[in-house]
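[1] Sequence and predicted structure, then a few things I'm wondering about:
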Protein chains: 2
Amino acid sequence: MSQGIQKNSSLSFHRNNRFLSAAAGLLPALRQTRLQPVELVDVIAEASQALGWKTMRCALPASLLQRELAAGDEIIVDFGTHCVGYFGLRCEAAGSPPDAPAHLQFIFGETPAEVAEPFSEYNGWLSSSWLQQADIYLDVLPETVRLPRRYCCRYVKIKVISASAKFNLKLSDIHLDTVTSADTTSLTPLHHPDALLNQIDEVSVLTLRNCMQEVFEDGPKRDRRLWLGDLRLQALVNYQTFEQNSLVKRCLYLFAGVTREDGMVSSNLFMKPDVIADDTFLFDYALFFVATLADYIAVTEDQQTLEDLWPVAWRQIELALGRVGTQGILQDSEDWWAFIDWHESLNKQAPAQGVLIYCLMKAQALARRADSEKVTWLEAKIGELKNAALEKLWDEEKGFFVSGAGQQVSSASQVWLVLAHVGDPGFRAQLMRNLLANPPEIGMNTPYMMHHFIDALISVGETQRAVQEIKKYWGGMVQAGADTFWELYDPQRPGFSPYGSKLINSYCHAWSCTPAYFIRKYGL
Amino acid sequence: MSQGIQKNSSLSFHRNNRFLSAAAGLLPALRQTRLQPVELVDVIAEASQALGWKTMRCALPASLLQRELAAGDEIIVDFGTHCVGYFGLRCEAAGSPPDAPAHLQFIFGETPAEVAEPFSEYNGWLSSSWLQQADIYLDVLPETVRLPRRYCCRYVKIKVISASAKFNLKLSDIHLDTVTSADTTSLTPLHHPDALLNQIDEVSVLTLRNCMQEVFEDGPKRDRRLWLGDLRLQALVNYQTFEQNSLVKRCLYLFAGVTREDGMVSSNLFMKPDVIADDTFLFDYALFFVATLADYIAVTEDQQTLEDLWPVAWRQIELALGRVGTQGILQDSEDWWAFIDWHESLNKQAPAQGVLIYCLMKAQALARRADSEKVTWLEAKIGELKNAALEKLWDEEKGFFVSGAGQQVSSASQVWLVLAHVGDPGFRAQLMRNLLANPPEIGMNTPYMMHHFIDALISVGETQRAVQEIKKYWGGMVQAGADTFWELYDPQRPGFSPYGSKLINSYCHAWSCTPAYFIRKYGL
């Protein structure tokens, strides 16, 4: 089983209808805003661009009033920003009465690459059905078109595949009715004196906003789903920005509402046709239920939610501890048992040990409010696991934690064991300096992993270095033209995709929106 | 301007709201019948088949209950007969919860060729938008799919373009809700002792039935439109079969309801978004308004319709006579001024002269009921035109009428001047015998032209030969597997298309349904 695929379709699940009702009662309203294109653009190959393409304005949208499109003609409209919503336009015939259906094709791109490179050449391993396109046939003209699916784009390529020799097409009223559950009126603008940090904050906030729908989605293009690992980070940014805490609460109740027979929360949920737990279970994501609840309670002091959900959180702790071996170290395995990062070669043992300890500390914070009898026990367990990590995973010679039978040195192992407060503060600071000075070959592939790296830097007092890394990494995306932060970004390999094609990467991805959290929370 | 294209988009039209209201009041109800597939089939290349393909049963539809389809899988369902209607099915996921949209493609074929040969290779000059296909993306499963457009098919290829590695698809409740305004309960079955003639009659009747919608359509796949040349023949078959004469009346009022500023009726009408006259005007088709009205009145004796529409009919006569030159012969031209047949090389002058005389005789029949003062005048005019044809177009040496500056000999010229009763009965009988014995190089391309050939044979008493020709020509289509009669059929060139590809030909075409008229009217 490779990373990214688990199939456990014969599992049974437990549904807690009280929790699901509570979640349903918190369904947010979606706010709709109509956007018009700001430009018509050409897409031009440009090797210096991160994704290989740049756009160039070729006309203003008003020029369409005078323009007739024949079979083979295409235009690319640019909405000027990243949008999530419903696309529509008006299509009229010019010339003789239309004597054949009009066949139009729409291609939606978060980036210029998606409207430039033909989808027919896609060869990734994720379903090509995620590539956003629609073919429509208009039997009667004029027609007001509103595509029924929600799309996620800045650019829309509109191609006339066929009409007839007797008529052309005129397009007007091209628009996108954007949707979000984020209430931007509740947002305080940052006005940061550092222009790049200010821009990084804006892009972070738009990323979060466009992922805020009926739940916190991971990415509005793909997978459009509630993933626990993303939720945790979105919630952190939300507390510093929109403060729509009831949406976090709703998502916690949803995860608690459908659990595996043994009580484990799923890594992700589907909302339609009903709330369905995916059959993918991840060690770290399940533990993040505890962390997300702890963060929520710390912000809201919502005692009722704590009382409702503490047993669910505790069950994740019990299940996770079941994987700890006699020597106090997590059992490793070859399958996709923990996420940590999108990295085919990454061994998950040591970083997952860090996640476990980190979440036990979160559980301890919850226990202090909800279940004080467990505090001391947790304290002891945390100590045991930390000591085991130092004894069994630390390689004094290398100056790094190692992971798995192969004693792999990875960035992820160091970052997570620092975040787990393994070793004293001086040890951890030295470890982070070593990591900065001698980055291991097994590095970090995602903004998600980068978030934890920044968090670890700040935790050891390397705040300036954290700012520098944020400006380099997320700033690099901004400079590459990102309106929203990307699911994947490796400055050395800008076209990297764990899915086999950059076209299927998500370019507005929840787990990438955390600079606003760091900047605002720590006053960077 | 080549045959098949006229563009006159700056014309003005006159709308007669009284006529359009009368037509609207005659809008027929559509009858709906749900059909299920009878088989799943494979399509196999077979050079001996007229269109190059045969089908072979590979499974029964019930087998789908046990079958899971993955990306790349496809099935072809066979509804067992030619259908016009709305397609639907139920699509469910099997396996893990669906973690990506399901992308399905549907290809609809009246013939096996359309589901066998990729549409991507289509290179005809008619719009590829007529090729019947749909791509859908199902974001949520299970889903009950009902495609919004009306399709015309016997076969449907269903291909799973993409799903994901985590789930497969199960299809069920595949159906077609067929629609027609024909009331089959009013039809008397023929029970002809000749099995082939009986089958030809059945196929004729199904062809007419599937073209009977809110108007008499020319072809339910393409163009789905009311053409006057088709209407005239459909009406003749209708009087012998469904006897839904009010639908003929509706179509006559529609043509009379939107005319060119000078009163000429269009060759064809669009029904949506409103009644719109096409800007294609054809000498012969406009005259067929007169013939269609005369046939309708002869059957119904509907005096009110006659009084309403006689002025419109008369106007067509006046306009047509305006094209007659000083020597009593129609002026020829290079553009597409008359239809006659789908034949790039056919000169239209002599056959159009025949159509004019034929329709003047129809006008005379109407004048006897509606406008007796014109009867004598028409008699004289018919005489003049017949004499001119004999004097100017007859080539004694060749034994054929000739047409145009090039003195072209064509089947169409002989057929139409025989139907116009030019020359005495003996002359015409001899001419038809010569035509049978020495078919000209410029022959007949369509069942439409073949209809007039059969009509001409019967008119000179060659009834047995007419039966023989019907069995050979339409029987040839039946033997090639036609459920309904094709728009184009040349036994020597079965793949012939005036549009550059057999895939875009219509395989249920109104003008081909006339054997039932001949068989039933003449008791063949």
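    Structure received.

[2] ranges for the helices of the stretch 51-200 of chain A?
    Remark: helices assigned in the stretch 51-200 of chain A by DSSP state H, counting those that start in this stretch are A:112-116, A:195-211.

[3] Point out the most buried one among these.
    Of all these, helix A:112-116 carries the top mean neighbour count, a mean of 25, counting by mean count of other Cβ atoms under 10 Å in any protein chain shown. C-betas here are computed from N, CA, C, even on glycine.

[4] Need the CA coordinates for it. PDB is fine.
    Provided in PDB are the C-alpha atoms of helix A:112-116 (Å, rounded to 0.1, in the frame of the first residue of the first chain):
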ATOM      1  CA  PRO A 112      -2.100  29.700 -15.800                       C
ATOM      2  CA  ALA A 113      -0.600  26.200 -16.100                       C
ATOM      3  CA  GLU A 114      -4.000  24.600 -16.000                       C
ATOM      4  CA  VAL A 115      -5.400  26.700 -18.800                       C
ATOM      5  CA  ALA A 116      -2.200  26.300 -20.800                       C
END
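
[5] Mean confidence (pLDDT) on it, please.
    For helix A:112-116, the mean pLDDT works out to 98.

[6] Let me know the distance separating A:N168 from A:A70.
    Distance, A:N168 to A:A70, by Cβ to Cβ, to the nearest Å: 5 Å.

[7] Tell me which of the helices of the stretch 51-200 of chain A approaches chain B most closely.
    helix A:112-116 (15.7 Å; Cβ to the nearest Cβ).

[8] Run through who's touching that closest one.
    A:41, A:43, A:45, A:49, A:51-55, A:76, A:107-109, A:131-132, A:155-157, A:502-503 (Cβ atoms under 8 Å, 6 or more residues apart in numbering or on different chains).

[9] same question, stretch A:58-74
    A:36-42, A:75, A:77, A:94-95, A:157-164, A:168-172, A:174, B:127.

[10] in the biggest strand by length in chain A, what counts as buried?
    Scanning chain A for the strand with the most residues, using DSSP state E, yields strand A:74-95. Across strand A:74-95, burial judged by 16 or more other Cβ atoms under 10 Å in any protein chain shown covers A:75-79, A:82-87, A:89, A:91-95.

[11] Can you show me the helices along the stretch 201-350 of chain A?
    A:228-240, A:245-257, A:283-300, A:303-321, A:349-370.

[12] Now mean pLDDT, mean neighbour count and distance to chain B too, for those helices, in JSON lines please.
    Converted to JSON lines, the helices of the stretch 201-350 of chain A look like this (pLDDT from 0 to 100; neighbours: other Cβ atoms under 10 Å in any protein chain shown; distance: least, Cβ to the nearest Cβ, whole Å):
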{"stretch": "helix A:228-240", "mean pLDDT": "98", "mean neighbour count": "25", "distance to chain B": "15"}
{"stretch": "helix A:245-257", "mean pLDDT": "98", "mean neighbour count": "23", "distance to chain B": "14"}
{"stretch": "helix A:283-300", "mean pLDDT": "98", "mean neighbour count": "24", "distance to chain B": "15"}
{"stretch": "helix A:303-321", "mean pLDDT": "98", "mean neighbour count": "18", "distance to chain B": "20"}
{"stretch": "helix A:349-370", "mean pLDDT": "98", "mean neighbour count": "24", "distance to chain B": "23"}
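
[13] Let me have the ones you listed in TSV, extended by distance to A:L457.
    Shown next, in TSV, are the helices of the stretch 201-350 of chain A (distance: least, Cβ to Cβ, whole Å):
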stretch	distance to A:L457
helix A:228-240	16
helix A:245-257	25
helix A:283-300	19
helix A:303-321	26
helix A:349-370	15
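
[14] what are the pairing partners of the longest strand of chain A, and which direction each?
    If you go by DSSP bridges, strand A:74-95 pairs up with strand A:39-45 (antiparallel), strand A:143-146 (antiparallel), strand A:151-162 (antiparallel), strand A:167-180 (antiparallel).

[15] Contacts for the shortest one next, please.
    By that I understand strand A:143-146. Contacts for strand A:143-146 (Cβ under 8 Å, 6+ apart): A:Y86, A:F87, A:G88, A:L89, A:R90, A:C91, A:L104, A:I136, A:L138, A:D173.

[16] Quick check: the two most widely separated of the residues you listed?
    A:Y86 and A:L138 (17.7 Å; Cβ to Cβ).
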